[in-house]
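Asker: prediction below, plus the sequence it came from.
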Amino acid sequence: MPQATSRPAAYAARLHGVSKAFVPRRPVLDGVDLAVRAGEIHALLGENGAGKSTLMKILVGLLRPDAGSISLADAPVDLDRFTPAEAVRRGIGMVHQVSALVPAMTVVENLAFGDARAGLWFHPRRARRAAERLAARFQLEVSLDRRVEDLAMGERQRAEILRALGRGARLLILDEPTSVLTPREAEALFASLRGLRDAGRAVIFISHKLSEVEAVADRVTILRQGKATASLSAREADARELGRLMLGRDVPPLERPARTPSVAAPALEIRGLCAPGLSEASRLREIDLRLDPGEILGIVGIDGNGQRELEEVLAGVRRPTRGDVCVGGRRIAPRPRALRAAGLAHLSGDRDGAGLISAFTLAENWILKGSHDDRRFFRRGWLDRAAARRAARAAAERFGIVPADPDAPIASLSGGNAQKLAVARELDGDPSVLVAVNPTRGLDVGSARFVHDELLARRRSGGAVLLISTDLDEVLALSDRITALVRGALAAVPPGSDRAAIGAILLGEAAA
Amino acid sequence: MSRSRLVAALCVVVASACGDDRDAAAFRVALLTPGSIADGGWNAGAYEGLREIRERLGAEVRHVETRTPAEFEEGFRDFAGRGYTLVFGHGFEYQEAAARVGAEFPETVFITTSGDTVRSNVAPMVFELEQATYLCGVLAARMTETGRIGLIGGIDLPSIRSTFQAFRGGVSATRSDVEVREVFIGNFDDTAAAREAALALLEEGADLLLHQANAAGRGVFRAVSDRAAAGARVFAFGINRDQNAMAPEVVLASATLDIPAAFVEVATRVREGRFTAEPVRLGMNEGIVHLVLNPRLRARIPAATLDEIDRIEASIRSGELVVPRGAF
Amino acid sequence: MSSLARGPAALVRDAVPPTLAVLGALALVGVFVALLGYAPGRALTALLRGSLGSGAAWTATLLKASPLLLTGLAVALSFRCGVWNIGAEGQLLVGALCATAVATRTLPGAPAALVLPAVVLAGAAGGALIGAVAGALRATRGVNEVISTILLNFVAIQLVALAVHGPLQEAAGAYPKSDALPAAAMLPAIGRLHGGLAVALALAFATQLLVFRSAIGFRLRAVGHAPRAARFAGISPELYGWLVLALAGGLAGLAGAFEVAGVTGTLYERISPGTGYTAIAVALLARLHPLSVIPSALFFGALEAGAGAMQREAGVPAVVAQMVQGLVVLLSVGLSVARPPRARGLRTPEPKRGID
């Protein structure tokens, strides 16, 4: 559609009939249409593997589609010459989940750094003035002279957005931007995005959190299995409707029946636990907690406040300096094998780093934690490969893991399927305590739902679950009791606290 | 280049292969070296000798660099099996392999450069560089004013110690009041270390220095030249080759060893059937070892000393004087 | 690469790229030699004849393959565990040193039947010891094993130099070499082919079993792929890094013992022409598969033997022969390792982030 050049463009980006297949006849994208208006926040929703990543890579010039056309600001794009540099020149700015800023440099330096128009020399004052103007124009508050590594995540993200805007971005792509933010920071981000929208910029907001999409998006496009299944105004659908469109089936709300207080001995008791931390803020200080059978205790907090340290102590890989860990009333030496033998299982959201080995097969991962004492698979120093395969195949079939091939490496599985395997493995020994840390991080809605259901099933059958998570919604939905981990110490969360109240506690402000 | 093209090239290459082994009547000589013949020293000299054997004696020659211990024996065996008349192993480490293979191939002569293993067709060639360093010792004893002389060695090897021993013999036979100090720098390439060692010896009062440090010897010359330029009366000796030109203002004389000539000499003997089962000693009489005075500094040497040197050289050549040397 | 199930089909599939690389490299030898002005036909014929063309040629190849096989196994085992052991050279040298010390100094007069086992074990123990030193530094002080093993190579070179100039020097005192090993300390041999080769072959199979069928091998592979995940599974990366360096040192030390007790019969400086470094190429060409190290070591042994024959028969200068050798190593390892899909042992996949 021809447009008069003087008029502002109606569409920041239009993708039409975009298809891409890495393997012949197995398209990752199949004729996708996406229309993002100028001055609009457009959410892109989809499960893992739905094609969001591929679609965005095409839009930023990293991949060339097999078919289809793109126009930016109403002008068609020559796909043969569409490189990442060209995409930036045409006003596309990508804000990555993992920061692309140089941590040791100040915000001003980062903004000037790599800016082709800045020339060969760095002029501190000129760069500072440019950064100020930029921040003022888009009302993004950033401490320009502080080093990026000293900034909180929310501020760091604003700096990243500023950098994209500084390079002339008219269409911003934000990839899972809230995954690293506190609820309050997320609110601030949404306000910034609305400001950008009102300044005529377009935003593509990638997420799988339905509530956020509801909160911030004007329009939503939903991808499922490489096809755009719907594109609708955000007002037209509620979270449940969006979930249904995304999964192709209905997602009933979680049901967590009330539990009767347990009279048995605590499943897990931690007394006076202190442990060194990666940073001063994450050093564990005098942790006391008690977890009963049949209970889910949620520990909520922002990354870097000791969650990782607490996880590592409970998994036996970080030596506490003081304090006791008791499982089933017995004091247990905090070593991996001792804790496991005592009935404490550990489910990690850091699947590649702590839970599974991606180069190992399903079968090898299934037996990973038993290499010292599991007689089913290891006898007299030898490995029983047939037994490992049988067990892994059985588990894969029972939990619907695809592919159910015990010899497939984990790397060939989707994140959801890999996490299913981890869940199945940890619950295999019927542990009395399950420590689940960010168990659904990075998972799509369907897989996350599977994990949540399993945790609730554990609770029903009398198991105890310690849920350490940065996802407030998850903790609120699952936990019988909630406590917060702030600067390495536990902070009480009064029963019935809402998101805002908990957010205040997490930021170290006195709860009302 | 694609793999298929490479494979095609391979086919062409193999198809053009032609085995042409010539008759066995010719005089054929092979050389095994323990390292690269581009080392500008030990191995280069041997290779030079091999080439002269080809030029002067019309021999068919082959060279192999043996890298693994297993190759010593393979090299000897392969050449002997193909009817080579003479095979050199350029180093003492070839002795055992030469003795083993020598027993199986009595028609071939195996010569190791230095060593002490002798069989009916196996012998070492031993260079009498000591004859020249003895003369250096005599000259040094006459020339020193401070009564101190320095020796700088590379790695502490028997062959090096032996030349030093001869040097000391020459000094002590001439004057009893001269002190000789020696230093080993531990390698043959560190010019800077050699220079430091030389400076230290000069600092201690030495006014003549003899080095046995191959390439690192350059550092010795540098140190002595600098000191001489500063006005001191100091000298150095060259070794192995004529090094008089390397520092013409300070190198008094060079004790030279003509390795290529040594190879030609041995090959000539073998060809003429003069090989006997004993170490082949090669010194002044065979024209392999010389003391070469630096013509530019000759005038600084007293005539009486020059006469004395000539006299002693004559008695060495006649066999009247046997210079002291290490037992190896 | 880490699959529990490695059927013959997978092995064959894995063997294709290295085989093509080797063939391509050989073809390039011909082109290269011709470019330098030597008869390519004669050179290649010599290369093949000198490595595979006769009984003697096979002997030459096998003799050179034997230390490469053992050190190649050492490297493959270490790399499997994520331990970048560059120290096979030093471990080999210390093995040779210890074997010689036991054979020439401590055992004269011992019953003949005990001598050879003691010599061989001393070699393995010596190599294991110096490997364990690097392992201990790594486990307790966090010293990077690349640096420590390289530095220990220099220590080993100097130890051998010290020994042959001092305590182990031959009785005659003339040359910097040890006394000849007594006959009882020499490996039994068929012709020149010593029994160490059979031991090395057996150890390749044993290493294969260790890595893929034993609990220890399972743990060390886990450590190699993901040390943090292994730690969460109760496996100590430090302990297994240490263990694997000691085991690898033992294998390389054995190679050193076999060199003195099977080939040279005496210890001297520069007894190894960098075998422990070539071993890295051997292991990489074998894609860290213990059994594949056998053909890989044979290939490198044949190349070494053929390079000698190229000099002897075709008159190709040593420099050219070695250049060709280097080229073939580079090409074969480069082509076979740089196959993305199954080279995971060397490249840990990045944790998946970003939009998806």
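Answerer: Yep, it's here.

Asker: would you check that C:Tyr175 makes contact with B:Phe92?
Answerer: Yes: here C:Tyr175 reaches B:Phe92: they are 4.7 Å apart, a contact under Cβ atoms under 8 Å. (C-beta placed from N, C-alpha, C; glycine too.)

Asker: common neighbours of the two, please.
Answerer: Common contact partners of C:Tyr175 and B:Phe92 (Cβ atoms under 8 Å, 6 or more residues apart in numbering or on different chains): B:Gly115.

Asker: what's the domain layout of the chain?
Answerer: By default, I'm working from chain A. Per automatic domain parsing, the structural domains of chain A span A:39-58+A:83-247, A:268-359+A:409-506.

Asker: my bad, chain B
Answerer: Domain ranges of chain B: B:26-127+B:262-282, B:129-257+B:297-318, per automatic domain parsing.

Asker: ok, the shortest one near chain C or not?
Answerer: Yes: using Cβ under 8 Å from any Cβ of the partner chain, we find that domain B:26-127+B:262-282 touches chain C at B:30, B:33-34, B:36-38, B:62-71, B:73-75, B:77-79, B:92-93, B:96, B:115-116.

Asker: average model confidence for that domain?
Answerer: Averaging pLDDT along domain B:26-127+B:262-282 gives 90.

Asker: end to end, how far does that domain reach?
Answerer: One end of domain B:26-127+B:262-282 to the other measures 26 Å (Cα to Cα, to the nearest Å).

Asker: got it, and the last one?
Answerer: Chord length of domain B:129-257+B:297-318, first to last residue, is 16 Å (Cα to Cα).

Asker: can you lay out the domains of chain B as a markdown table showing distance to A:Arg376?
Answerer: Compiled in a markdown table, the domains of chain B are given as follows (distance: least, Cβ to Cβ, whole Å):
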| stretch | distance to A:Arg376 |
| --- | --- |
| domain B:26-127+B:262-282 | 49 |
| domain B:129-257+B:297-318 | 60 |
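
Asker: turn the ones you listed into a markdown table, columns for distance to C:Ala101 and mean neighbour count.
Answerer: Output for the domains of chain B, formatted as a markdown table (distance: least, Cβ to Cβ, whole Å; neighbours: other Cβ atoms under 10 Å in any protein chain shown):
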| stretch | distance to C:Ala101 | mean neighbour count |
| --- | --- | --- |
| domain B:26-127+B:262-282 | 18 | 21 |
| domain B:129-257+B:297-318 | 21 | 20 |
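
Asker: so which residues of chain C form strands?
Answerer: For chain C, applying DSSP state E gives strands covering C:189-190, C:193-194.

Asker: list the contacts of the last one.
Answerer: The reference is to strand C:193-194. For strand C:193-194, contacts defined as Cβ under 8 Å, 6+ apart pick out C:Thr59, C:Leu62, C:Leu63, C:Ser66, C:Met186, C:Leu187, C:Pro188, C:Phe258, C:Ala261, C:Gly262, C:Val263.

Asker: now that strand, how far from the centre of its chain.
Answerer: In terms of Cα atoms, centre = their mean, to the nearest Å, the centre of strand C:193-194 is found 17 Å from the chain centre.

Asker: what of the first one?
Answerer: What separates the centre of strand C:189-190 from the centre of its chain is 22 Å, taken as Cα atoms, centre = their mean.

Asker: that one near chain B at all?
Answerer: No: on the criterion Cβ under 8 Å from any Cβ, strand C:189-190 is out of touch with chain B, staying 12.0 Å away.

Asker: now the closest residue to A:Arg224 other than its chain neighbours: which helix or strand?
Answerer: In space, A:Arg224 comes closest to A:Ala50 once its chain neighbours are excluded; the distance is 5.6 Å by Cβ to Cβ, 6 or more residues apart in numbering or on different chains. Using DSSP states H and E, A:Ala50 is not contained in any helix or strand.

Asker: now do the one 5 residues further on
Answerer: In this structure, A:Leu55 is located in helix A:52-59 according to DSSP H and E.

Asker: one more: B:Gly169?
Answerer: Using DSSP H and E, B:Gly169 maps to helix B:158-174.

Asker: which helices and strands does that helix pack with?
Answerer: Helices and strands in packing contact with helix B:158-174 are listed as helix B:129-143, strand B:148-153, strand B:179-184, strand B:208-212; criterion 3 or more Cβ pairs under 8 Å, 6 or more residues apart in numbering or on different chains; DSSP states H and E.

Asker: tilt between it and strand B:179-184?
Answerer: In terms of direction (axes from the mean of the first three to the mean of the last three Cα atoms, to 10 degrees), helix B:158-174 departs from strand B:179-184 by 170 degrees.

Asker: and the angle from helix B:158-174 to strand B:148-153?
Answerer: With the same axes, to 10 degrees defining the directions, helix B:158-174 sits at 170 degrees from strand B:148-153.

Asker: show me what contacts the most centrally placed residue in chain C?
Answerer: Centroid-nearest residue in chain C: C:Thr71, 2.0 Å away (criterion: Cα atoms, centre = their mean). Residues near C:Thr71 by Cβ under 8 Å, 6+ apart: C:Ala88, C:Glu89, C:Gln91, C:Leu92, C:Leu251, C:Ala252, C:Ala255, C:Thr275, C:Gly276, C:Thr278, C:Ala279, C:Val282.

Asker: please apply the same query to B:Ala173.
Answerer: Residues in contact with B:Ala173, defined by Cβ under 8 Å, 6+ apart, are B:Gly137, B:Val138.

Asker: what about whatever residue of the stretch 151-300 of chain B ends up closest to chain A, which helix or strand?
Answerer: Of all residues in the stretch 151-300 of chain B, B:Ala192 sits closest to chain A, at 38.7 Å by Cβ to the nearest Cβ. Taking DSSP H and E as the criterion, B:Ala192 maps to helix B:191-203.

Asker: excluding its backbone neighbours, what's nearest C:Pro237?
Answerer: Closest residue to C:Pro237 apart from its sequence neighbours, by Cβ to Cβ, 6+ apart: C:Pro227 at 4.0 Å.

Asker: what do you get for A:Glu155?
Answerer: A:Val142 (5.8 Å).

Asker: ditto for C:Val115
Answerer: Closest to C:Val115 by Cβ to Cβ, 6+ apart is C:Ala184, at 4.2 Å.

Asker: now do the contacts for the one you found.
Answerer: C:Ala112, C:Val115, C:Leu116.

Asker: again with A:Ser432
Answerer: The neighbours of A:Ser432, taking Cβ under 8 Å, 6+ apart as the test, are A:Ala267, A:Pro293, A:Val327, A:Gly328, A:Gly343, A:Leu344, A:Gly463, A:Ala464.

Asker: in strands only, show me those residues.
Answerer: Applying DSSP E to those, the entries found in strands are A:Val327, A:Leu344, A:Ala464.

Asker: among the residues you listed, which one sits closest to chain B?
Answerer: A:Leu344 (55.1 Å).

Asker: what is that closest one paired to in the beta sheet?
Answerer: Beta bridges link A:Leu344 to A:Val433, judged by DSSP bridges.

Asker: hmm, it is touching A:Ala436, no?
Answerer: No: the criterion here is Cβ under 8 Å, and A:Leu344 misses it with A:Ala436 at 11.6 Å.

Asker: of these two, which one has the most company?
Answerer: A:Ala436 (29 against 26; other Cβ atoms under 10 Å in any protein chain shown).

Asker: now do the SS call for the more buried one.
Answerer: Recorded secondary structure, A:Ala436: strand (DSSP: H, G, I helix; E, B strand; the rest coil).

Asker: any weak-confidence spans in chain C?
Answerer: Scanning chain C with the threshold set as pLDDT under 70 gives C:1-11, C:13-14, C:107-108, C:335-356.

Asker: mind listing the helices for the stretch 201-328 of chain B?
Answerer: For the stretch 201-328 of chain B, the helices defined by DSSP state H, counting those that start in this stretch occupy B:217-229, B:259-271, B:303-318.

Asker: and the helix with the most length in chain C, what's buried?
Answerer: The longest helix of chain C (DSSP state H) is helix C:112-141. Going by neighbour count (16 or more other Cβ atoms under 10 Å in any protein chain shown), the buried part of helix C:112-141 is C:115-116, C:118-139.
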